[in-house]
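S.K.: Task: produce atomic coordinates for the following.
(one chain, ligands or ions: 1)
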Amino acid sequence: MKFEISKSMENKINNWDKCEPKDVTGAKFAYIFIPTSLGLVIKVQCDVCKRELLLTEDD
Ligand SMILES: [Zn+2]
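M.R.: Numbering: from 1, shown residues only. Alright, predicted model coming up:
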């Protein structure tokens with residue numbers, strides 16, 4: 001199983017969260033990959049506002 005963020009996931013994440021990164025590197029998301037019986041679930045957490053977004057492989 002490959003753990004990766006597709007282009008469409010990236011677009012979805014960027015549309016979901018518009019926070020300005022506090023980190024000088026520009027990084028603001030934490031990615032958590034959770035393999036389930038229904039497929040891979042990807043949890044994205046914004047470091048700035050602490051919101052979470054759930055993505056599946058189909059997204
Ligand atoms: Zn945010």
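S.K.: quick one, phi/psi of residue 35?
M.R.: Phi and psi for residue 35, reported as degrees, to the nearest 10, are phi -70, psi 130.
S.K.: Up against the ion, what does the chain have?
M.R.: Counting by CB under 5 Å from the ion, the positions of the chain adjacent to the ion are 17, 19, 46, 48, 49. Using the backbone N, CA and C atoms, a C-beta is placed for each residue, glycine as well.
S.K.: What about these, which are in helices?
M.R.: Among these, DSSP state H puts none in helices.
S.K.: Show me which of those are buried.
M.R.: Buried by 16 or more other CB atoms under 10 Å: 17, 46, out of the residues of the chain next to the ion.
S.K.: Next, residue 9: secondary structure please.
M.R.: With DSSP: H, G, I helix; E, B strand; the rest coil as the basis, residue 9 sits in helix.
S.K.: what's the distance between it and residue 24?
M.R.: The spacing between residue 9 and residue 24, counted by CB to CB, to the nearest Å, is 25 Å.
S.K.: Look at these two and report which has more neighbours.
M.R.: Applying other CB atoms under 10 Å to residue 9 and residue 24 shows that residue 9 carries more neighbours, namely 19 against 6.
S.K.: Surely the more buried one is in contact with residue 41?
M.R.: No. At 11.9 Å, residue 9 does not count as touching residue 41 under the criterion of CB atoms under 8 Å.
S.K.: any common contacting residues for these two?
M.R.: Residues touching both residue 9 and residue 41 (CB atoms under 8 Å, 6 or more residues apart in numbering): residue 55.
S.K.: What does the pLDDT read for the residue located most distally from the centre of the chain?
M.R.: Of all residues in the chain, the one whose C-alpha sits farthest from the chain's mean C-alpha position, using CA atoms, centre = their mean, is residue 37 at 19.9 Å. According to the prediction, residue 37 has pLDDT 91.
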